[in-house]
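> Predicted model and sequence follow; I will ask about them next.
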Amino acid sequence: MTLAHTLATGYNPQLVSWNGLTFWQRYNNYEFGDYGFPKTMDLVFKLTNEIYRLADTGAYWHDNGTLLDLHQPAAQKHFYNIIHGNRDALEPKQHQTYWFYSFMYLAQVEYEQFSKVGPQVLLNYETALRDPIFYTLMKYKVLDMWNRYIVHFAAYTADDLRMVGVALVGAKVDPMRTFFKYIDIDVNNLWSEKLELNETRAIYARQQRLTHKPFSYTLDIQSDVEVKATINVYIAPKYNERAELITLTQNRENFLWLDEFEAQIKVGFNAITHPEFLKFPLQKRWSFTEMYNVINHRLENGLELPKDLHLHQMYFSRHMNIPRGTADGFAVVLCFVVTPSLNDGDMPLGYPFERVIEHESAFQVQNVYFKDAIVYHVNHNRNIVEYVKENAQYEEFDYNY
């Protein structure tokens, strides 16, 4: 991904802003201009080089002059946050705005004109994931930054991964099925006149959302010791686009974290059944109408306005945890990793797939177990009536509304 790179396939988001302006589209064979955006380009290059310097040297200087060695296992979370530029990163530094300025350059916007340009998908976090170039940036720049950093850590050996005395001898997984459910999204903020929100006058956008039916897995664990363990579950495709089996080394970056739970393992045989997170109801987000009513009620009654309307979630959203299946079945592989329970932050994110794999035999330890599985998809276009009856029990949507 360079300035000379030409994007053969364009992208039209087909979106309209609240003020009636259409979102900018990228045409076929698009060439990024290396003129007209000098300040944005200079910033992107400067930020990119600084992050690569941190990846290569590991030398991070605090504002008070002390040195932090990022090439220590406990410091991996700091490098995560530096790349992402989130609020958990170290002292605010300019390199923490890498994503922001990269999106501005890809959108061909000079940062001094940010407030004077038309709508662009890459300039809004809620729409950036629509654009295929977002994933190009993640793959060829962000992931490359991480790989430049992680090569300074030795690959895991079998002794590093082994949990002495605990053997995962088998696993059973319920059938995995994806389907589309219907949801109504409150878009009452589209009213251009004075809001008078009530049940008889409201605007909702009804759309389909990919999700999956609840499933569980049962793990058979043989243990010589009594211990509290943490079990992480990962999922990855089994074959590539040419129907070729993907090796573990090639598949390392494809393993996505699916689940994590703790279990008290006793001496002898343990059969541990764990339901997937979708069985647990999640707290809903505030709708626009709900937020409006809260604010309006407090203003009318002279009450103090709330400082935070954010509803804190206990878990990530679970409706896109597994890939969309097919009618014949999409082959995936699940990886179960049993480790001793540690304090939060002691285990690197993505362990043990966050480091380069030198020898696949290192994963042939008793506490790591790979299980083949199939993901099916329930087609909702063949018989919509039967589809609704079959899947209504898995959701809260009122089909009679």
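Arrived safely, thanks for sending.
> Just the CA trace of the strand or helix carrying residue 209, in CSV.
Counting by DSSP states H and E, the element that carries residue 209 is strand 204-212. Presented in CSV, the C-alpha positions along strand 204-212 are these (Å, rounded to 0.1, in the frame of the first residue of the first chain):
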residue,chain,number,x,y,z
TYR,A,204,-37.7,3.2,12.7
ALA,A,205,-35.4,1.6,10.1
ARG,A,206,-35.9,-2.1,9.8
GLN,A,207,-32.9,-4.1,8.7
GLN,A,208,-31.4,-7.6,8.8
ARG,A,209,-28.5,-8.5,11.0
LEU,A,210,-26.3,-11.5,10.7
THR,A,211,-26.3,-13.6,13.9
HIS,A,212,-26.2,-17.2,15.0
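> Extract the residue ranges of the stretch 51-200 of the chain that are flagged as low pLDDT.
91-96, 111, 114-115, 191-200 (pLDDT under 70).
> What segments of it are strands?
With DSSP state E, counting those that start in this stretch, the ranges of strands along the stretch 51-200 of the chain come out as 59-61, 67-69, 166-173, 176-186.
> What residues sit buried inside the longest one?
By that I understand strand 176-186. Buried residues in strand 176-186, counting neighbours by 16 or more other CB atoms under 10 Å, are found at 176, 177, 178, 179, 180, 181, 182, 186. Backbone N, C-alpha and C define where each C-beta goes, glycine included.
> now do stretch 146-162
For stretch 146-162, by 16+ other CB under 10 Å, it's 146, 149, 150, 156, 161, 162.
> Tell me how far the first one lies from residue 129.
Noted for residue 146: a distance of 19 Å to residue 129, by CB to CB, to the nearest Å.
> The fifth one too?
Computed as CB to CB, the residue 161 to residue 129 distance reads 33 Å.
> Next: the last one.
Using CB to CB, residue 162 is found at 38 Å from residue 129.
> same deal with the second one?
Distance of residue 149 to residue 129, computed by CB to CB: 24 Å.
> Buried residues, the longest helix anywhere in the chain. List them.
For the chain, the longest helix by residue count, based on DSSP state H, is helix 38-57. Within helix 38-57, the residues scored as buried using 16+ other CB under 10 Å are 40, 41, 43, 44, 47, 48, 50, 51, 52, 54, 55.
> Show me which of those is closest to residue 254.
residue 55 (21.9 Å; CB to CB).
> Would you agree that closest one is in contact with residue 82?
No. Taking contacts as CB atoms under 8 Å, residue 55 lies outside contact range of residue 82: 9.4 Å.
> Going by contacts, tell me the helices and strands next to the strand holding residue 209.
In terms of contacts (3 or more CB pairs under 8 Å, 6 or more residues apart in numbering; DSSP states H and E), strand 204-212 is packed against strand 176-186.
> Now do the strand it packs on: distance to the chain's middle.
Centre-to-centre, strand 176-186 and its host chain are 18 Å apart (CA atoms, centre = their mean, to the nearest Å).
> Show me what it is packed against.
strand 204-212, helix 288-300, strand 368-377, helix 384-391.
> what comes up buried for the first one?
Applying a neighbour-count criterion of 16+ other CB under 10 Å, the buried positions in strand 204-212 are 211, 212.
> quick one: contacts of the helix or strand following it?
Sequence-wise, the next helix or strand downstream of strand 204-212 (DSSP H and E) is strand 216-223. Outside strand 216-223, the residues within contact range by CB atoms under 8 Å, 6 or more residues apart in numbering are 165-174, 231, 233, 265-276, 279, 334, 336, 338, 369.
> 6 Å instead, please
Residues outside strand 216-223 that contact it (CB atoms under 6 Å, 6 or more residues apart in numbering) are 166-174, 265, 267, 269-273, 275-276.
> The closest residue to residue 24 other than its chain neighbours: neighbouring residues, count only.
Spatial nearest neighbour of residue 24, excluding adjacent residues (CB to CB, 6 or more residues apart in numbering): residue 120 at 4.9 Å. Residue 120 sits with 23 neighbouring residues when counted by other CB atoms under 10 Å.
> can you tell me how far residue 120 sits from residue 81?
Applying CB to CB to residue 120 and residue 81 gives a distance of 26 Å.
> what does residue 289 give?
Distance of residue 289 to residue 81, computed by CB to CB: 35 Å.
> Looking at these two now, which is surrounded by more residues?
Ranked by neighbour count (other CB under 10 Å), residue 289 and residue 81 place residue 289 first, with 19 against 15.
> Just name the most buried of the helices and strands packed on strand 176-186.
Comparing these by mean neighbour count (mean count of other CB atoms under 10 Å), strand 368-377 ranks first with a mean of 18.
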